[in-house]
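Let me see the structure of the following:
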Amino acid sequence: MRGFRLSHAGLVLEHEGHALFIDPGSFTTETELAAAIEAVSAESTIAGVVITHEHGDHWSAPNLAAIRAAAPGAGVFTTRATAEALQAAGIPDAVVVHEGDSATAGRFELDFYGHRHEVLHASIPVIDNIGVRVNGSLAYGGDSLARPPFRADVLGVPIGSPWSTIGDVMDFVLANAPRRVFLTHDGMLSGPGLALFEQRVREALAVTGGELLAFPRLDDDGGARLEL
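Numbering: from 1, shown residues only. From the prediction side, this is the model:
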């Protein structure tokens, strides 16, 4: 399995001729998404999309419409509220998944965990959020710092979200002790801010013996991938 990043919280994985998009949200521009679709279509069939929850930085109607146009048969797996929003946007047939569910999308085995978004503020209702483990290896929790019900080999760490502190993020890494991590949710951070927060994650990994991975972007090299 291999992959590359989309802006902020997005990720694209490829495995044995199939591709999986995770949270292609509004931070991902039309140009960036078109490049991602073109890059994977050269060698893979887009088999599925996972959307962890309904917030716009994790999906947008134009991005999902573009993926569906490129791969009409691609399954979309998400929460009920997001599925309803997709339906209203003219993107039907999303599969509603819950904690403990499993699904298959091409060569990807998907196991879903977690159920709630982190609290943003007492005045803002808490919504559903679903995490996913892909092929028993890579885990991505969306907007949640809930501990997965397994020890992840590769764990997504939301580094710069409006619903956590860097201390929360460090505790998340320490509690899960993953073998490898990758950073997500960096679209709201400046360059120096990201470097500072990344250093704190490295300090937590030094305690647990974990490794920090870096999924590439396609900005300069359409063939850039991280092999897992």
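
Which elements pack onto the longest helix along the chain?
Using DSSP state H to define each element, the chain has its longest helix at helix 191-208. Helices and strands touching helix 191-208, by 3 or more CB pairs under 8 Å, 6 or more residues apart in numbering; DSSP states H and E, are helix 166-176, strand 180-184, strand 211-213. Just so you know, the C-beta spots here come from the backbone N, C-alpha and C atoms, and that holds for glycine as well.

next one: it to chain centre, how far?
The gap between the average C-alpha position of helix 191-208 and the chain average comes to 20 Å, counting by CA atoms, centre = their mean, to the nearest Å.

Equivalent analysis for stretch 160-167, please.
With CA atoms, centre = their mean, you get 17 Å for stretch 160-167.

how much space between the residue of the chain most remote from its centre and Gly156?
Most distant residue from the mean C-alpha position of the chain: Ser123, 26.2 Å away (CA atoms, centre = their mean). Distance of Ser123 to Gly156, given as CB to CB, to the nearest Å: 28 Å.

cool, and Asp221?
Note on Asp221: its distance to Gly156, by CB to CB, is 22 Å.

Next, the buried residues of stretch 66-77.
Along stretch 66-77, these residues count as buried under the neighbour rule (16 or more other CB atoms under 10 Å): 66-68, 70-71, 74-77.

Comparing the helices and strands packed on helix 191-208, which comes out most buried?
Per residue and on average, the most neighbours among the helices and strands packed on helix 191-208 fall to strand 180-184, with a mean of 22 (mean count of other CB atoms under 10 Å).
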